[in-house]
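**Student:** below is the structure, and that's it, no one-letter string:
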Ligand SMILES: Cc1ncc(COP(=O)(O)O)c(C=O)c1O
Ligand SMILES: N[C@@H](CCOP(=O)(O)O)C(=O)O
């Protein structure tokens, strides 16, 4: 299996090189040259097997011989053994035709753990085999950072630098990033918003001398392996509701577009998905794009669902690649317009593709709070604000097929928003009960590329 860049000007790479690289050298994102499919009987055979076994069968065709089956099986087992629910991604019924997919039973209480725990293991195995070391730089609006730090803390072959927007993540999220004591962990509070953090990461990658000097690697969902690991729970949840004999729909709280893009890949692989619904908060560039065809940045407005406070949704580029009929020249052109002019108008053909493939909706702050309150009162389930955005939009999108809304984080990561809605503060799990007492380590940095490069060089110096 070879991987190609959405912008068409970077060399095709193997799975392992794609994973260790993250971002293509032409600024594009890697995609498999072809998407393997699972036949209906192979999908049906996933019913009743463990999450780990589903992960192996779904991801194996993309991984090829990079990790032989016994090694890959052992890696998957290690990745998910720290989850505190035996099903890993359990489904709960919210209404007659509406289900919640709980993706917050991993070590850092967000869906990011599904991919990050796995790629932590894959990086470790690949780097040890090659005798190499990398410098991971990631941008976070709160959850990717803690999941990456948890997955890579203390590993010999890796330094991990996480850029978060100063003052714009919840206190629990910040402490998850700033309290690990390992020397290879570096939490950076950047003066800016998430889009600034992500742009800084991409600029670091675009400086090839620096990139090669420190051997940069990416663990945001610009890394294909992140997306791939997230494809698995679309299969596990759909088969438990009767796929492939029954269609299912998904609503996905969306920011950087990685999670819903994983749903798109699941559908391309043969999973019978009726609707894929993008749910946004007030930072609604994706919803506006589907409605108007204009993909135009506005400033990021802080919300009670901070992890979705994003206007430059990295993985939308991958969707555009398919929407533009795999025309990498057109994708590169639109991405340049987004960067230099702040937006572009999607061509009519591409817009038709996007509208055929995705539906979308938006939840305001008041609607998000009302949804947390209403679902709590009606079912006893406490939603985090991101999941509440999903549930609100899903309720407007219910159809004949069962709807699965992805619950992307644990409510205890956002206690203020949840308390404002329900009157009760959700407790952290016991293993994290002393989070507020642990000492913090964080480096504030201006949004300045050379300051960042200096800091990284100093920290990784032997
Ligand atoms: C809790 C939570 N929900 C939803 C999202 C949006 O997911 P994606 O960026 O894959 O669209 C994020 C951030 O990625 C998140 O942390
Ligand atoms: N919401 C994310 C933003 C980064 O997303 P990623 O999936 O591309 O890593 C976060 O919590 O950091």
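**Tutor:** Arrived safely. Model, not experiment: these values are computed from the prediction. Ligands and ions are numbered 1, 2, ... in the order given.
**Student:** contacts and neighbour counts: CA atoms only from here.
**Tutor:** Will do.
**Student:** mind jotting down where the strands sit in the stretch 301-450 of the chain?
**Tutor:** 343-345, 359-362, 403-407, 443-445 (DSSP state E, counting those that start in this stretch).
**Student:** isn't residue 443 up against residue 191?
**Tutor:** No: counting by CA atoms under 8 Å, residue 443 stays clear of residue 191, with 11.0 Å between them.
**Student:** the more surrounded of these two?
**Tutor:** The residue with more neighbours, out of residue 443 and residue 191, is residue 191; 19 against 12, by other CA atoms under 10 Å.
**Student:** wait, the more buried one touches residue 445, no?
**Tutor:** Yes: with contact defined as CA under 8 Å, residue 191 reaches residue 445; the gap is 6.5 Å.
**Student:** rewinding a little: most tightly surrounded among the strands of the stretch 301-450 of the chain?
**Tutor:** Most buried of the strands of the stretch 301-450 of the chain, by mean neighbour count (mean count of other CA atoms under 10 Å): strand 403-407, with a mean of 30.
**Student:** which other helices and strands does it contact?
**Tutor:** strand 98-102, strand 248-253, helix 385-395 (3 or more CA pairs under 8 Å, 6 or more residues apart in numbering; DSSP states H and E).
**Student:** what mean pLDDT would you report for it?
**Tutor:** For strand 403-407, mean pLDDT is 98.
**Student:** for stretch 381-392, same thing?
**Tutor:** For stretch 381-392, mean pLDDT rounds to 98.
**Student:** go on, stretch 359-366?
**Tutor:** 98.
**Student:** please enumerate residues in contact with that stretch?
**Tutor:** With CA atoms under 8 Å, 6 or more residues apart in numbering as the contact definition, stretch 359-366 has outside contacts at 275-282, 284, 286-287, 290, 303-304, 389, 392-393.
**Student:** got it, and stretch 226-239?
**Tutor:** Identification of contacts with stretch 226-239 by CA under 8 Å, 6+ apart yields 43-44, 46-47, 51, 54-55, 58-59, 89-91, 101, 114-116, 118-119, 219-221, 244, 248, 258-259, 261-263, 265-266, 271, 404.
**Student:** same question, stretch 254-268
**Tutor:** Contacting residues not belonging to stretch 254-268 are listed as 35, 37, 221-222, 227-228, 230-232, 234-235, 250, 252, 273, 276, 278-280, 307-316, 318-319 [CA under 8 Å, 6+ apart].
**Student:** of those, keep whichever come out buried.
**Tutor:** The neighbour count (16 or more other CA atoms under 10 Å) marks 37, 221-222, 227-228, 230-232, 234-235, 250, 252, 273, 276, 278-280, 307-316, 318-319 as buried among the contacts of stretch 254-268.
**Student:** get me the contact residues on the chain for ligand 1.
**Tutor:** Residues of the chain lying near ligand 1 by CA under 6 Å from any ligand atom: 110, 143, 253-259, 307-308, 386, 408-409.
**Student:** the residues you listed in helices, which ones?
**Tutor:** Cross-referencing those against helices under DSSP state H gives 143, 258, 259, 386.
**Student:** hmm, which two among the residues you listed are most spread apart?
**Tutor:** Using CA to CA, the two most remote members of these are 258 and 386, lying 14.7 Å apart.
**Student:** between those two, tell me which one has more neighbours.
**Tutor:** The neighbour comparison of residue 258 against residue 386 (other CA under 10 Å) goes to residue 386, with 30 against 26.
**Student:** across the sheet, point out what pairs with residue 136.
**Tutor:** residue 160, residue 217 (DSSP bridges).
**Student:** can you tell me how far it is from residue 161?
**Tutor:** Applying CA to CA, to the nearest Å, the value for residue 136 to residue 161 is 6 Å.
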